[in-house]
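Colleague: Make a model of this:
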Amino acid sequence: MLLLYTPYTTARLVYILQFVESILHHPIFVTTHLNEFLSSTNPVKINYSNTELTNAIYQIKPHSLLSENNIHEVFIDIDTCRGKICFFRNEADHHGFDVFAACFYLISRYEEYLPHIKDEYGRFAYTNSIAYKHGFLEKPIVNFWLQDLQQQLHIFYPSYSIQQGNFQFIPTYDIDIAFANLYQPVYKKVYRFFRAFIKGNIDEVLALAKVFTNQISDAFDVYGWLQHLHNTLQLQPIFFYLLAEKNGQYDKNIPPSVKGFQQFLLHQATLQTIGIHPSWQSAYSLQTLQNEWKWFEKIIGKKPIYSRQHYIQMELPKTYETLIQQGIQFEFSMGYGSVNGFRASVASPFFWFHLEKNKATQMQVYSFCFMDANAYFEEGLTVEAAAKELQQYYDTVKAVNGTLVTIFHNHFLTEQPQWIEWRKMYEHFLLKNFDNNI
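Modeller: Numbering: from 1, shown residues only. Purely as a prediction, here's the structure:
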């Protein structure tokens, strides 16, 4: 075990030490009594104070951030420590910087509570982040720091054993439009059929007719193919379904009132974990959000506990407060809707800390680092370049024994000419990295 001395405990300090403990896989005992700390025979000690004790005890001098309970502009002094980017530097201790305060600043998303520029969709723009400004957006720097802390403690205290966590992969899917034609409202079916007919696209007319009469599968129906892959590779996916009652500029799903769609969702819930994908409209209307929750509960028979915002439309702390009130326990929106990378600079789940209330919550946040739509629409990558980027994230997260969360949309995985290469790319990625028989 690890004994840590601090002259005071705060909600922020307790929170970040619990997170660190989950990564180090060593219990951290905290004492505010100096005599107890000094007299302890515990072989591994950290002096987290400005008090100079014997040099035989590992010292990390604290930044003021964890002793505070307000939110204000924080000076970020980007530097390097043992070859890695760091901040809250202090060369007068053993560690070189306050790793606890630095981790807290990043995973609490402190900078998102400060005045900032929003992107075209009204979201926190990734260009505001220190991770982007200083070139570590593509790195889970928090995991790097905690690996380094383990190594430094082992060097200082040879009896301290480094414990390795387990790499985890969670494939997730955002189902914005479950089917291209199946279960769509009648007026949409008629419109698409006659539009193809008027344009003289006989192949499309015949294809639509076969879909409508259940002779062939809908173009967006990739669920059986995915289920086979997941079962073969023993993967545990999560599907997030959009249940907006009304279509809008960004919400174009099948209405949840459609019986066939309801039956499909209920069947899917027996096969894998499913969550809710709160619509764009719900970000601006609590009643709309609650209606979507009611549809989920009516169809599935229980309230959703997994959630990811459509278009990653979120604002801290408002969005997370609302989701907690609705009963969400696992939240998957922590990433950017315009670029791939680590929004919270971490590749491990963490409990959300409410900065304005200065307290930890019981909602667990899972960060995603790769989304197909970001790679294609925002970054403009070819399928080959996207494959390389996805593999790099896999390698990076596995190296820190983190949790890799990816997002794909069902329409990216179809056999349509525009997407067939993306489908092949994703299948190759899964087989390459998770098929033990290869």
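Colleague: does Gln152 sit in a helix or strand, and which one?
Modeller: In the assignment (DSSP states H and E), Gln152 maps to helix 141-156.
Colleague: Likewise for Tyr366?
Modeller: strand 359-367.
Colleague: What pairs with that strand, parallel or antiparallel?
Modeller: strand 330-334 (parallel), strand 350-354 (antiparallel) (DSSP bridges).
Colleague: my guess is Ile23 is in a helix, correct?
Modeller: Yes. With DSSP: H, G, I helix; E, B strand; the rest coil as the criterion, Ile23 is assigned to a helix.
Colleague: Could you list the domains of the protein?
Modeller: Split into domains by automatic domain parsing, the chain comes to 2-156, 168-180+218-434, 185-210.
Colleague: Quick check: buried residues in stretch 422-430?
Modeller: Neighbour-count burial for stretch 422-430 flags Trp422, Arg423, Met425, Tyr426, Phe429, Leu430 (criterion: 16 or more other CB atoms under 10 Å). Where C-beta positions appear, they are placed from N, C-alpha and C, glycine not excepted.
Colleague: Work out the gap between that stretch and the centre of the chain.
Modeller: Mean-position distance between stretch 422-430 and its chain equals 21 Å (CA atoms, centre = their mean, to the nearest Å).
Colleague: mind listing the helices for the stretch 101-250 of the chain?
Modeller: 130-133, 141-156, 186-198, 202-212, 223-233 (DSSP state H, counting those that start in this stretch).
Colleague: returning to what we had before: would you mind telling me which of the domains of the chain is nearest Ile162?
Modeller: With CB to CB as the criterion, Ile162 lies closest to domain 2-156 of those, at 4.8 Å.
Colleague: Mind checking the pLDDT average for that closest one?
Modeller: Averaged across domain 2-156, pLDDT comes to 97.
Colleague: Equivalent analysis for stretch 361-376, please.
Modeller: For stretch 361-376, mean pLDDT is 98.
Colleague: what's the span of that stretch from first residue to last?
Modeller: End-to-end span of stretch 361-376 (CA to CA, to the nearest Å): 35 Å.
Colleague: quick one: buried residues of it?
Modeller: Under 16+ other CB under 10 Å, the buried positions of stretch 361-376 are 361, 363, 365-376.
Colleague: export these to CSV and tack on distance to Ile305?
Modeller: As requested, those are exported to CSV (distance: CB to CB, whole Å):
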residue, distance to Ile305
Thr361, 14
Met363, 10
Val365, 13
Tyr366, 13
Ser367, 18
Phe368, 18
Cys369, 23
Phe370, 24
Met371, 22
Asp372, 25
Ala373, 25
Asn374, 26
Ala375, 29
Tyr376, 30
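Colleague: Of those residues, which is the nearest to Gln272?
Modeller: Distances from Gln272 to these, taken by CB to CB, are shortest for Tyr366, at 16.0 Å.
Colleague: which residues does the closest one contact?
Modeller: By CB atoms under 8 Å, 6 or more residues apart in numbering, the residues touching Tyr366 are Ile170, Phe330, Glu331, Phe332, Met334, Pro349, Thr403, Val405.
Colleague: Look up phi and psi at the residue lying closest to the second one once chain neighbours are set aside.
Modeller: Counting by CB to CB, 6 or more residues apart in numbering, the nearest residue to Phe330 once its immediate chain neighbours are dropped is Tyr306, at 4.9 Å. Main-chain dihedrals, Tyr306, degrees, to the nearest 10: phi -110, psi 140.
Colleague: give the contact list for Tyr306.
Modeller: Contacts of Tyr306 (CB under 8 Å, 6+ apart): Ile238, Phe240, Thr273, Ile274, Gly275, Ile276, Ile328, Gln329, Phe330, Phe332.
Colleague: Could you measure from the first one over to Gln392?
Modeller: Pointing back at Ile238 there. Going from Ile238 to Gln392 by CB to CB, to the nearest Å gives 23 Å.
Colleague: Also the last one?
Modeller: In this structure, Phe332 and Gln392 are 21 Å apart, going by CB to CB.
Colleague: With neighbour numbers in mind, choose between the two.
Modeller: Taking other CB atoms under 10 Å, Phe332 and Gln392 do not tie; Phe332 has more neighbours (26 against 14).
Colleague: right, and that one touches His310 too?
Modeller: No. With contact defined as CB atoms under 8 Å, Phe332 and His310 do not form a contacting pair (11.8 Å).
Colleague: picking up where we left off before, the helix holding Gln152 packs against which elements?
Modeller: Applying 3 or more CB pairs under 8 Å, 6 or more residues apart in numbering; DSSP states H and E, one finds that helix 141-156 makes contact with helix 11-24, strand 58-59, strand 84-86, helix 99-107.
Colleague: residues contacting Ser338?
Modeller: Asp119, Arg123, Ala125, Tyr126, Asn374, Glu378.
Colleague: Quick one: residues contacting the fourth one.
Modeller: Right, the one you point to is Tyr126. Asp119, Tyr132, Leu137, Tyr336, Ser338, Val339, Gly341, Arg343 are the contacts of Tyr126 under CB under 8 Å, 6+ apart.
Colleague: Spatially nearest residue to Phe29 (excluding sequence neighbours)?
Modeller: The shortest distance from Phe29 to any non-neighbouring residue, by CB to CB, 6+ apart, is to Leu3 (5.2 Å).
Colleague: wait, is that neighbour part of a strand?
Modeller: Yes. If the criterion is three-state DSSP, then Leu3 is within a strand.
Colleague: Report the contact partners of Phe19.
Modeller: Cys103, Ile107, Phe350, Phe351.
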